[in-house]
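> give the three-dimensional model of this entry:
(one chain, ligands or ions: 2)
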Amino acid sequence: MMDITLPDGSVKKYPEGSSAFDVAQSISQGLARKVLSATWNEQTVEVMAPLPGSGSLRLHTWEDEAGKRAFWHSSAHLMAQTLQQLYPGIKLTIGPPIENGFYYDIDLNGHNIGEADFPAIEQKMLENARKKAAFHLREVSKQEALDFYRDNPYKTELIENLNDGEITFCDHDDFTDLCRGGHLPNTGFIKAVKITSIAGAYWRGDENKPQLTRMYGISFPKASLLKEYLEQVEEAKKRDHRKLGRELELFTFSQKVGQGLPLWLPKGAELRERLEQFLRKAQRQAGYEPVISPHIGNKELYVTSGHYAKYGEDSFQPIQTPEEGEEYLLKPMNCPHHCEIYKSQPRSYRDLPVRFAEFGTVYRYEKSGELHGLTRVRGFTQDDAHLFCTPEQLKGEFKKVIDLVLYIFKTLDFKEFNAQVSLRHQTNREKYIGSEANWNKAEAAIQEAVSEKNLPYVVEYDEAAFYGPKLDFMVRDALGRRWQLGTIQVDYNLPERFELEYKGADNEMHRPVMIHRAPFGSMERFVAVLLEHCGGNFPLWLTPEQVAILPISDKYAKYAQHVSQLLKNYEIRALIDERSEKTSRKIRDAEVAKIPFMLIVGEQEASSEKVSIRRHGGEDLGSQSVEDFVHLLNEEINRELAAE
Ligand SMILES: [Zn+2]
Ligand SMILES: [Zn+2]
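Ligands and ions are numbered 1, 2, ... in the order given. Model (predicted):
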């Protein structure tokens, strides 16, 4: 018998040779029908194959990531099988699952596939799926594997890099593929399929190697899930920040100015300013002090900090001056400047912590193919700050930063988020600078701070920065997509490199610890994410135009001016639509511009000194005095900023 430990800690006995499916069935028939994949002792196993022996077992369904991964991995096999049937002679390479679906890189060997062929491929895939063909993993010798793929140089190359004894093939129906495993019980689980796109890709991502065709697809256990997914994709297109940014006149790009260098238009600049003011205020309350540093710095500064070694070759090149040998770099990071500000005077333990904040613009070269709207740019402004504290203060400061980040997320209506603690690679530690002891201290401080704050978090190894471990906040937007925002980093290394010191209570000199943090990440990226999250319907306190005043004819233009002046006195941002258009047209345009409130003014309103209020989306709030309306607005803004 085998002892199988289930996730709830219970241990059950099963006969030797039992599969994960057998275990599922012993729990319930319902679970057995839903189980897509299994993990035995942290190792992916085939659902239907005999378990290797006693151990802990987790069963995965569509509800978890591992279940989806098996589903999409198996779907890639199904797509490869289908393509091989429809296009004989193609050569398969690799086909992994991805965040949403899967792809397969294929050498089409003379065939042509275009979007027009997708429906036929999808249909044939479903036909194959309906055969409910079981997936079987079997071990093969290196020689057998090489023989099988003698006409496929790609698979041959893959096999040559594998050791005899660790090579497996997966069979289903009439199809065989080189594969390490992790499959559905059979193809029958795949009930809906969509080929989503086709693109070029180089073998092994190397542009000197043959060009392949990458086919992307996605599949689901129910047709309704595919429908939902496609609707979500449509909604995401509508919310694309590049499109909304243009429509709402927030930002633009100019080839003449340069790729990846955003130009903020008046409305966007004002919005960004409000975001900055909001954060400045929160930071002031949290004891931060503002500092300002230039956009360039002496190359030696970044040699000292290590940034030159990290960014130098692959980023903007040094700027020469008429002075022989003098070189400057566009600032890739604000930290070195802030270290020098720290150093500008002697520090005592009584002065710590010091917290320097700056909306600092930095420049990093990104390949033109990787630029994307405001999310991947070459010049951006970080909402940066550096905290210098004693080692004893580290955890407490870290927790305060977490509080600040959470306040910001709540105010901006990101309700779902979790944290990712990024630590070093578990074994390979060559790429990190700094001592083992300091790293251990920093990694422990982050994990303690996060668990004391009761934040949901995951630990990721090999995700730390080269100079220290970090905490990243991942938010889920209104469409359920995950974005990385807000980073907090512990750094023992820059204080070392810049020889930062403070005089301790013992009258000896000590090294402070440094924390880097940027709750928004960068203003550019944050505005992009916020735009896609709220679909352009910003919170009232932040939105560029809060109110549109719509006179129903020219006769009431003067009263509209009067209302506008009153609102201005209360610091409400309002515009007047003075065009001689019908009111219905003006309302429609204000709706498109996503202005939260419309004030309709005509005879009745003018004679009673009131305004008729209509909310974005159509709700009629009746007529009120301007003062009452302002009161309503302010209440809503206060509610938003209280973030409760
Ligand atoms: Zn496979
Ligand atoms: Zn920094």
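
> just the strands in the stretch 351-500 of the chain please.
354-363, 379-389, 416-422, 457-460, 470-476, 482-491 (DSSP state E, counting those that start in this stretch).

> for ligand 1, what's its nearest residue on the chain.
Cys179 (3.3 Å; CB to the ion). The C-beta positions use only the backbone N, C-alpha and C, and glycine is treated the same way.

> coming back round to it: deepest in the core, which of the strands of the stretch 351-500 of the chain is it.
Mean neighbours per residue, mean count of other CB atoms under 10 Å, is largest over the strands of the stretch 351-500 of the chain for strand 379-389, with a mean of 24.

> distance of Thr375 from Ala269?
To Ala269, Thr375 is 19 Å away according to CB to CB, to the nearest Å.

> ok, those two, which is more surrounded?
Set Thr375 next to Ala269 and count neighbours by other CB atoms under 10 Å: Thr375 wins out with 19 against 14.

> setting aside sequence neighbours, what's the nearest residue to that one?
Of all residues not flanking Thr375 in the chain, Ala528 sits nearest, at 4.9 Å (CB to CB, 6 or more residues apart in numbering).

> correct me if wrong, but the one you found is in a helix.
Yes - the assignment for Ala528 by DSSP: H, G, I helix; E, B strand; the rest coil puts it in a helix.

> pLDDT wise, what is it at?
Predicted confidence (pLDDT) for Ala528: 95.

> got a list of what it touches?
Applying CB atoms under 8 Å, 6 or more residues apart in numbering to Ala528 gives the contacts His241, Gly245, Gly373, Leu374, Thr375.

> mind checking how far the strand or helix carrying Leu633 is from the chain centre?
Leu633 belongs to helix 626-642 when assigned by DSSP states H and E. Relative to its chain's centre, helix 626-642 lies at 33 Å (CA atoms, centre = their mean, to the nearest Å).

> alpha carbons of it, in PDB - could you do that?
Below are the C-alpha coordinates for helix 626-642, written out as PDB (Å, rounded to 0.1, in the frame of the first residue of the first chain):
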ATOM      1  CA  VAL A 626     -24.900  75.200  -7.200                       C
ATOM      2  CA  GLU A 627     -23.900  75.200  -3.500                       C
ATOM      3  CA  ASP A 628     -25.700  71.900  -2.800                       C
ATOM      4  CA  PHE A 629     -24.200  70.400  -5.900                       C
ATOM      5  CA  VAL A 630     -20.700  71.400  -4.800                       C
ATOM      6  CA  HIS A 631     -21.500  69.800  -1.400                       C
ATOM      7  CA  LEU A 632     -22.500  66.600  -3.100                       C
ATOM      8  CA  LEU A 633     -19.200  66.600  -5.200                       C
ATOM      9  CA  ASN A 634     -17.000  67.300  -2.200                       C
ATOM     10  CA  GLU A 635     -18.700  64.500  -0.200                       C
ATOM     11  CA  GLU A 636     -17.900  62.100  -2.900                       C
ATOM     12  CA  ILE A 637     -14.300  63.300  -3.200                       C
ATOM     13  CA  ASN A 638     -13.800  63.000   0.500                       C
ATOM     14  CA  ARG A 639     -15.200  59.500   0.400                       C
ATOM     15  CA  GLU A 640     -12.800  58.500  -2.300                       C
ATOM     16  CA  LEU A 641      -9.800  60.000  -0.600                       C
ATOM     17  CA  ALA A 642     -10.600  58.500   2.700                       C
END
